[in-house]
Structures are given as structure tokens and as C-alpha cells.
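*Asks:* Quick one: sequence plus predicted model below, questions after.
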Amino acid sequence: MSVKYIFVTGGVVSGLGKGITAASLGRLLKNRGFKVTIQKFDPYINIDPGTMNPNQHGEVFVTDDGAETDLDLGHYERFIDESLSRDNNVTTGQIYEAVIRKERHGEYKGKTVQVIPHITEEIKERIYSLEDKQTPDIVITEIGGTVGDIESLPFLEAIRQVAQDKGRNNVVYIHVTLLPWVSGSEELKTKPTQHSVKSLLSIGIQPDILVIRSPKDFDVEMRDKIASSCNVRSEDVIKNLTANSLYAVPLKLEEEELPQSVCRHLQIECPKPELASWRAMVTRTITAKKSVKISIVAKYTLKDAYLSVFESIYHAAYELGVKPEIQFLQSDEKDLERKIELSDGILVPGAFGDRGIEGKIAAVKCARENKIPYLGLCMGMQVAVVEFARNCAGIAGATSYECRKDICEQGQGQQEEYVINFLPGQSENSDIGGTLRKGSQPCKLLPNTAAYNAYGAEIIHERHRHRYEFVNEYKPRLEQAGMVFSGINPDSGLVEIAELPSEIHPFFIGVQFHPELKSRPDRPHPLFKAYLKAAVDKSEN
């Protein structure tokens with residue numbers, strides 16, 4: 001079978017769920033035996049989202065090869081259970097950077113460089129490169145933004161040309177659009193969908209399938225009206241109503257026969273999928289009754305900045321048969337300790353910068369002194385080390401070089417000691433973009449520790465994204481005070497995991513990496529599972 005291409009575009013408004021639609025379709029096709037990969041084209045001019053404000057853009061998802069990508073790649077990995085790479089997320093900035101570099105090197109032989117054909121050819125090259133690098137049966141490509149955005153036009157032109165290059169029977173265009181409810185007249189309106197499809201047609205793309213997002217169900221008559229006005233078959237108008245669980249969307253789209261419609265257009269067989277385990281997982285998300293209260297003490301106000309953290313908590317909790325009640329707090333809130341002291345678990349996720357750092361340190365102290373299960377991720381590990389150094393190891397001026405302008409009251413007047421400092425070879429004069437320690441790296445675990453017990457392995461590989469590290473010269477003083485450094489990078493000797501032994505605390509672990517990036521809905525990350533188990537034990541006791 002030649003490689004098949006599925007393109008997912010969006011219309012009317014952003015945020016309709018193109019990423020979830022693409023990810024769900026990928027899961028349904030993979031469960032039919034196809035080898036699937038998913039790619040995202042982002043129209044912004046940034047090279048990657050690594051330097052973008054998390055309160056505006058959301059989480060930066062890091063792949064094994066160290067690429068900083070859009071959060072939709074997290075959805076892709078969680079749904080299709082495949083590790084993706086930098087080739088799966090492409091931005092306008094990357095495209096133009098590559099074209100300009102080729103022009104400077106003389107590769108265009110003096111020709112005038114234009115959007116067509118040079119930019120569009122570069123875009124198509126990124127699409128076709130997946131054939132050799134990942135050898136899929138099906139490539140699903142999501143185009144960011146909405147039809148009509150000036151930034152998306154080169155991508156839409158490029159995917160229009162793919163049908164000419166590869167043959168119309170090897171390409172499917174799926175358009176996700178909105179069917180809004182007008183409360184004044186109490187009716188659903190098809191006109192926004194019609195106009196969106198018209199905009200797509202003006203570019204030269206006739207959508208094969210329409211995925212309709214609507215706040216209310218609609219009947220066959222409405223489906224036929226959409227089909228007729230948009231020049232698609234009625235069976236290719238797919239409902240995508242709001243589901244009780246994010247992970248129920250593939251099952252809803254299976255009921256609507258989206259995969260059957262896709263396979264029909266691609267002229268390939270559509271075998272019956274194996275969905276029993278996925279259905280069982282979704283059932284657990286709905287039937288869980290017993291609650292466990294988790295407090296996330298964070299810097300950023302946008303929950304999407306911690307999307308993978310939230311999802312990892314859900315994955316572990318549902319496998320344990322409990323329903324997580326997540327209290328999302330900013331670390332600079334008033335009365336923070338009072339709000340979290342009755343939690344079953346406290347989690348401090350990653351962040352950058354010094355704002356709110358003392359609130360995170362206060363959260364660590366509350367967890368440590370009140371024996372509340374604690375999990376620190378990246379900066380969450382660093383503040384755990386700082387708090388322990390100050391209050392248990394007698395290093396009153398302990399801090400991170402990143403937070404040197406915001407020393408807490410206990411540290412004022414003391415000599416600052418940077419127990420957390422720059423990566424070796426870097427300084428405050430280094431560039432911001434592309435200078436972090438990123439991607440999958442090994443970690444050797446110390447036997448008979450909480451980390452080792454959680455993983456059940458001596459060598460693990462986890463994804464990183466940070467600039468600062470624990471300073472090893474402080475290890476003896478913290479170890480003497482009771483802290484255990486249970487995970488060490490065998491190549492660099494850098495500390496990856498710090499914890500407190502069980503005789504001191506029921507569960508207290510900080511990790512320098514981001515385990516949330518590898519959790520799956522039907523296979524929770526072992527560290528989150530151990531953490532939630534400790535939180536459940538506290539709740540029951």
C-alpha cells in the first residue's frame with residue numbers, strides 16, 4: 001500500500017478540537033492495524049514554542065530527541081501511544097529559516113525566491129520526509145489556525161498540491177467546523193460552516209469529510225442540509241459532540257464511522273478495530289467514585305501550561321479506581337499553606353523565573369512537615385532541595401541562581417549559597433532559546449529507594465527541559481541531613497532524583513526531568529502511579 005495522507009483543517013473559530021480529532025482518528029486507525037504517525041504545522045513565525053509565554057501558548061511538549069513542540073503533540077503521543085520527534089512539529093519560522101538558508105547557500109541558483117514554489121515545496125518536503133524517517137502507512141497532518149488566516153495560506157496551498165503529487169485517492173481532507181447554537185432563535189446555524197467551506201474551496205481544496213462540533217445534537221435533516229450546501233456526502237458529515245471524557249472522543253467518532261469514511265475515500269480496507277482495552281479505560285474514568293485531593297502549586301495561571309501534568313494525574317488515579325479532585329493554586333496566593341495543608345498530595349510542577357518561588361518553597365515545607373505525599377517536577381525538585389537545605393541542613397542562605405533576586409525572609413541577611421546553578425558551560429549571558437538540557441537522557445536509580453520501587457528498574461530514560469542543575473558539592477551536607485539522591489545521570493554525574501527515605505516521610509520525591517511527558521491514558525507513568533497510591537493511602541488513613 002502506498003502511503004496515505006490525511007489533512008485536518010479547522011474553520012470558523014479556533015479551539016474546536018482539531019488536535020483531539022486528529023489524535024482520535026490516529027488511535028482508531030492504529031487499532032485497525034495501520035502504522036500511523038501525526039504531524040502538526042503551526043503557522044506562527046517562532047522557530048518553536050520554547051520561548052513563548054506559557055500563559056498564552058500553553059505547555060511546551062518535549063520529545064525524546066529534545067524538540068520543543070506544540071502541546072498537541074502530547075495529545076498525539078497519548079492517543080496513538082507512539083514517541084514522536086522534531087519532524088512531527090513544523091512552524092512557519094522553521095520553514096522560512098530553511099528557505100532563507102538555502103537561498104544564502106545558493107541552492108536556488110539565483111532564482112527569485114517566492115512563496116510558490118519555494119515555501120510550499122519546503123512544506124511538502126517536511127510532509128514527505130516522514131515516509132522515509134518513520135515509514136508509516138498513514139500520515140495525519142493537522143494545520144494549525146483556521147481557514148482564512150493569512151499565516152496558514154502557504155500550508156493550505158502546499159497540502160492542496162499533495163493531492164496532485166500523490167494522487168487524489170491517496171489523500172483525504174477533513175475539515176473541523178462549528179455548528180453554533182443561537183439562543184435568541186433557539187436553533188443551530190449552518191451558515192458559519194458553509195462560509196468556512198467556501199473559504200477552503202477558494203484555495204482549491206474540496207473537503208471530503210466534515211467533522212461538526214456542536215453544543216447540541218442535530219438530526220438527519222440538518223446533516224443533509226450541511227452535506228448539500230458543502231458538496232459532501234451525508235455519510236461524510238460526522239458529529240463530534242462534547243464527550244464526558246477526553247478519551248471517550250475516539251469511541252464517539254467510531255460510532256459516527258469516521259474511520260470507515262476515511263478508508264472509503266482512501267480506497268483501503270477498514271477492518272474491525274480492537275477497542276476493548278480502550279473502552280475499559282474510558283469506563284474507569286466515568287465510574288471512579290472515591291476522591292483524592294491533589295493540590296498543584298504552580299506559577300502560571302493557564303491550566304494548559306500544565307496539560308500533561310493534569311493528564312498524568314488522571315491516568316494514574318483512574319487506574320487506581322479513584323477520582324482526582326485537583327486544586328489548582330498559584331504559588332503567590334495569600335494563605336497558600338492553609339489551602340493546601342488538608343490535601344492528600346501536593347505537586348509542584350516546572351516553571352522558569354523567580355516569581356512565586358517562595359510560595360513553592362512554602363508548599364514544600366508544608367508537605368514535608370505535615371507528611372503529605374509530595375512530587376516535585378523539574379523546578380519542583382529544585383525548590384524541594386532549597387527548602388531542605390535551608391530548614392534541615394543548616395544552609396540558611398540556600399537558593400537557586402535563577403531566583404537570586406527573591407530570597408525569602410529566612411535567607412535575608414545571609415550569605416547566598418546557590419545549591420541550584422547554571423548547567424555546566426553556561427552563564428547568564430547565554431542565549432535563551434535552544435540552550436536548555438532537553439530530550440531523553442538516562443538515569444541510574446539507587447536500589448531500595450522510593451524511586452527504584454516505583455520504576456522497578458535500575459536504568460530509566462526520561463525527558464528533560466531545564467537550564468539549572470543541583471550543585472554536587474552540596475550533596476554531602478544534604479545527605480548527612482537525611483536527603484537521598486536516588487537518581488544520577490550515569491554519563492554526567494548530575495543529580496536527577498532527590499527523595500526522603502520512608503522512615504522520614506511516606507512519599508517525598510523531586511525529579512529534575514518531566515515524567516508527565518511519557519504517561520499514557522491506558523499505561524500511567526510509574527512515578528505518578530506511586531505518588532497517587534501514596535495520596536490514596538493518606539486519604540484512607
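*Replies:* That came through, no problem. Numbers count the residues shown, from 1 in each chain.

*Asks:* show me the contacts for the spatially closest residue to residue 197 that is not a sequence neighbour.
*Replies:* Among residues not flanking residue 197 along the chain, residue 230 sits closest, at 4.4 Å (C-beta to C-beta, 6 or more residues apart in numbering). All C-beta atoms are positioned from the backbone trio N, CA, C, and that covers glycine. Going by C-beta atoms under 8 Å, 6 or more residues apart in numbering, residue 230 touches 193, 194, 197, 207, 210.

*Asks:* Kindly supply the ChimeraX command isolating those of those that are buried.
*Replies:* A single ChimeraX command is used to select the members of the contacts of residue 230 judged buried by 16 or more other C-beta atoms under 10 Å:
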select :193,194,197,207,210
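
*Asks:* Could you point out the member of the contacts of residue 230 that lies closest to residue 21?
*Replies:* Of all the contacts of residue 230, residue 210 has the smallest distance to residue 21: 11.2 Å, by C-beta to C-beta.

*Asks:* Wasn't the closest one part of a strand?
*Replies:* Yes - counting by DSSP: H, G, I helix; E, B strand; the rest coil, residue 210 is located in a strand.

*Asks:* so it makes contact with residue 197?
*Replies:* Yes - at 7.4 Å, residue 210 and residue 197 qualify as touching, with contact defined as C-beta atoms under 8 Å.

*Asks:* residues bridging contact with the two, i.e. touching both?
*Replies:* Contacts common to residue 210 and residue 197, judged by C-beta under 8 Å, 6+ apart, are 175, 177, 230.

*Asks:* ok, the last one to residue 350 distance?
*Replies:* Using C-beta to C-beta, to the nearest Å, residue 230 is found at 44 Å from residue 350.

*Asks:* same deal with the second one?
*Replies:* When C-beta to C-beta is the yardstick, residue 177 and residue 350 sit 35 Å from each other.

*Asks:* which of those two has more neighbours?
*Replies:* Counted by other C-beta atoms under 10 Å, residue 177 and residue 350 do not tie: residue 177 has more neighbours, with 29 against 25.

*Asks:* so what's residue 253 closest to, chain neighbours aside?
*Replies:* For residue 253, the spatially nearest residue (C-beta to C-beta, 6+ apart) is residue 24, at 5.3 Å.

*Asks:* Just give me the residue closest to the centre of this structure.
*Replies:* The residue lying closest to the centre of the chain (C-alpha atoms, centre = their mean) is residue 74, at 3.3 Å.

*Asks:* Okay, and it sits in which element?
*Replies:* Using DSSP states H and E, residue 74 sits in helix 72-80.

*Asks:* Which other helices and strands does that helix contact?
*Replies:* helix 18-30, strand 36-42, strand 61-62, helix 307-319 (3 or more C-beta pairs under 8 Å, 6 or more residues apart in numbering; DSSP states H and E).

*Asks:* got a list of contacts for it?
*Replies:* 19-20, 22-24, 26-27, 30, 36-38, 40, 59, 61, 63, 82-84, 88-89, 142, 250, 307-308, 311, 517, 519-521.

*Asks:* Just the C-alphas of it, formatted as CSV.
*Replies:* The C-alpha trace of helix 72-80 is given here as CSV (Å, rounded to 0.1, in the frame of the first residue of the first chain):
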residue,chain,number,x,y,z
ASP,A,72,-1.0,18.9,20.6
LEU,A,73,1.9,16.5,20.2
GLY,A,74,1.2,15.5,23.8
HIS,A,75,-2.3,14.5,22.7
TYR,A,76,-0.9,12.7,19.7
GLU,A,77,1.5,10.6,21.8
ARG,A,78,-1.1,9.9,24.5
PHE,A,79,-3.7,8.7,22.0
ILE,A,80,-1.6,6.7,19.5
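
*Asks:* That one - what's its average pLDDT?
*Replies:* Averaging pLDDT along helix 72-80 gives 96.

*Asks:* Name the next helix or strand downstream of that helix, please.
*Replies:* strand 89-91.

*Asks:* List the neighbouring strands of that following strand plus their orientation.
*Replies:* Strand pairing for strand 89-91, determined by DSSP bridges: strand 36-42 (parallel).

*Asks:* in this structure, which segments are predicted with low confidence?
*Replies:* 404-414, 423-435 (pLDDT under 70).

*Asks:* if you set the cut-off to 80 instead, what comes out?
*Replies:* The model of the chain has pLDDT under 80 over residues 1, 403-415, 423-435.

*Asks:* nearest residue to residue 445 other than its sequence neighbours?
*Replies:* residue 452 (4.4 Å).

*Asks:* what do you get for residue 98?
*Replies:* Going by C-beta to C-beta, 6+ apart, residue 98 has residue 122 as its nearest residue, at 5.6 Å.

*Asks:* and the one you found, backbone torsions?
*Replies:* phi -70, psi -40 (degrees, to the nearest 10).

*Asks:* With residue 52 instead?
*Replies:* The phi/psi pair for residue 52 (degrees, to the nearest 10) is phi -80, psi 150.

*Asks:* so what's it closest to, chain neighbours aside?
*Replies:* With C-beta to C-beta, 6+ apart, the residue lying closest to residue 52 is residue 46, at 6.1 Å.

*Asks:* Which element, helix or strand, includes that neighbour?
*Replies:* Counting by DSSP H and E, residue 46 is found in no helix or strand.

*Asks:* Also residue 532?
*Replies:* Residue-wise, residue 532 maps onto helix 526-540 under DSSP H and E.

*Asks:* sorry, back to before: quick one: contacts for the residue nearest to residue 52?
*Replies:* Contacts of residue 46 by C-beta under 8 Å, 6+ apart are 52, 91, 93.

*Asks:* Next: residue 265.
*Replies:* Per C-beta under 8 Å, 6+ apart, neighbours of residue 265: 169, 172, 208, 209, 236.

*Asks:* for those residues, which one is nearest residue 102?
*Replies:* Nearest to residue 102 among the contacts of residue 265, counting by C-beta to C-beta, is residue 172 at 30.8 Å.

*Asks:* and that closest one, what are its bridge partners?
*Replies:* Beta-bridge partners, per DSSP bridges, of residue 172: residue 6.

*Asks:* cool, and residue 464?
*Replies:* With DSSP bridges as the rule, residue 464 is bridged to residue 439.

*Asks:* Do a quick rundown of the helices in the stretch 201-350 of the chain.
*Replies:* 220-230, 249-255, 258-266, 276-287, 307-319, 336-340 (DSSP state H, counting those that start in this stretch).

*Asks:* Roughly how far does the closest residue to residue 458 other than its chain neighbours sit from residue 64?
*Replies:* Nearest non-adjacent residue to residue 458, counting by C-beta to C-beta, 6+ apart: residue 445, 5.7 Å away. Using C-beta to C-beta, we find residue 445 at a distance of 19 Å from residue 64.

*Asks:* Please look at residue 491 and residue 437 and confirm they touch.
*Replies:* No - using C-beta under 8 Å, residue 491 is not in contact with residue 437, being 11.7 Å away.
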